[in-house]
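S.K.: A predicted structure for the sequence below; I have some questions about it.
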Amino acid sequence: NAGVTQTPKFQVLKTGQSMTLQCAQDMNHEYMSWYRQDPGMGLRLIHYSVGAGITDQGEVPNGYNVSRSTTEDFPLRLLSAAPSQTSVYFCASSYSAGATDTQYFGPGTRLTVL
Amino acid sequence: AQSVTQLDSQVPVFEEAPVELRCNYSSSVSVYLFWYVQYPNQGLQLLLKYLSGSTLVESINGFEAEFNKSQTSFHLRKPSVHISDTAEYFCAVSLGGGSNYKLTFGKGTLLTVNP
């Protein structure tokens, strides 16, 4: 099992550009989520999905879109990048959305917006 | 809504010394508690979790945490640390009967183990 994979590992964008961060898992997990990690702020939930075709907003969804067409993939789209979106982005998955389920994290994408 | 406070943002220690990373939470209902660890340039991975039963939970690499309901704490301890324990540690809480999208993380504690 590869677990949770993310691409790219690093990305530099100019303000106003758009891009998609890819996330895939091979564990047949129903629940997937995207977090951003900023220094001194811990992890904040951007969007999540409880199954294919079902997505919802987390704590900081503005400026981001998601879709879940398959169980395996959960891409995160930045519509028009802003410097405030400079961050490290983590995708995570778990067997279900249950509160006791362990989340498995990808290695992260480090994004810089100039 | 629940919240998590990690009382120390950085904890420097010498190798083979004991360490305690402090975590307090606030919630009016029952909770599940987690410690995740993030090694340099990696994603987070679960270290240990408390769901129910014995209040003392252990990890495979010598860490332990004790759930203290009266003090609303879930401090992480290790009696003797190694250089390889250098990482950032995150405490997290979710509500009993709730969902993973309500998982709340603390701001993290950077543990640096010096030779």
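M.R.: Received the coordinates, thanks. Residues are numbered from 1 along each chain as shown, chains lettered A, B, ... in the order given.

S.K.: Strands of the chain, start to end?
M.R.: Let's take chain A. A:4-7, A:10-13, A:19-25, A:31-38, A:42-51, A:54-57, A:64-66, A:76-78, A:87-94, A:104-105, A:109-113 (DSSP state E).

S.K.: The intended chain is chain B.
M.R.: So, for chain B - with DSSP E - the strands run B:3-6, B:10-14, B:19-21, B:23-26, B:31-38, B:44-50, B:56-58, B:64-68, B:73-78, B:87-95, B:104-105, B:109-114.

S.K.: For the residue of chain B found nearest chain A, give its distance to residue B:19.
M.R.: Nearest residue of chain B to chain A: residue B:43, at 3.4 Å (CB to the nearest CB). C-beta here means a position set from N, CA and C on the backbone, and glycine is covered the same way. According to CB to CB, to the nearest Å, residue B:43 and residue B:19 sit 23 Å apart.

S.K.: now residue A:81
M.R.: 40 Å.

S.K.: Run through the residues that contact the residue sitting nearest the centre point of chain A.
M.R.: Nearest to the mean C-alpha position of chain A, counting by CA atoms, centre = their mean, stands residue A:34 at 2.8 Å. Residues counted as contacts of residue A:34 (CB atoms under 8 Å, 6 or more residues apart in numbering or on different chains) are A:21, A:23, A:45-48, A:58, A:64, A:66, A:74, A:76, A:89-92.

S.K.: Keep only the residues you listed that also lie close to chain B.
M.R.: Among the contacts of residue A:34, the ones lying near chain B by CB under 8 Å from any CB of the partner chain are A:45, A:48, A:58, A:90, A:92.

S.K.: I'd like to know which of the residues you listed is nearest to chain B.
M.R.: Among the ones next to chain B among the contacts of residue A:34, and counting by CB to the nearest CB, the member closest to chain B is residue A:48, at 4.7 Å.

S.K.: can you put the strands of chain A in a markdown table and add mean pLDDT?
M.R.: Formatted as a markdown table, the strands of chain A follow (pLDDT from 0 to 100):
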| stretch | mean pLDDT |
| --- | --- |
| strand A:4-7 | 96 |
| strand A:10-13 | 96 |
| strand A:19-25 | 97 |
| strand A:31-38 | 95 |
| strand A:42-51 | 93 |
| strand A:54-57 | 94 |
| strand A:64-66 | 97 |
| strand A:76-78 | 97 |
| strand A:87-94 | 96 |
| strand A:104-105 | 95 |
| strand A:109-113 | 97 |
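
S.K.: among those strands, which is nearest residue B:13?
M.R.: Relative to residue B:13, the nearest member of those by CB to CB is strand A:42-51, separated by 21.8 Å.

S.K.: And residue A:24, how far from residue B:53?
M.R.: For residue A:24 relative to residue B:53 (CB to CB), the value is 35 Å.

S.K.: And residue B:60, by the same measure?
M.R.: The gap separating residue B:60 from residue B:53 is 18 Å, by CB to CB.

S.K.: Okay, and the beta partners of residue 49?
M.R.: Let's take chain A. Assessed by DSSP bridges, residue A:49 has beta-bridge partners residue A:32.

S.K.: my question was about chain B
M.R.: Note on residue B:49: beta-bridge partners by DSSP bridges are residue B:34.

S.K.: number of nearby residues for it?
M.R.: Applying other CB atoms under 10 Å in any protein chain shown, we find 19 residues neighbouring residue B:49.

S.K.: repeat for residue B:19
M.R.: Residue B:19: 20 neighbours (other CB under 10 Å).

S.K.: Stretch B:91-106 vs chain A: in contact?
M.R.: Yes. Stretch B:91-106 lies within reach of chain A by CB under 8 Å from any CB, at B:94-103, B:105-106.

S.K.: Appreciated, that's everything.
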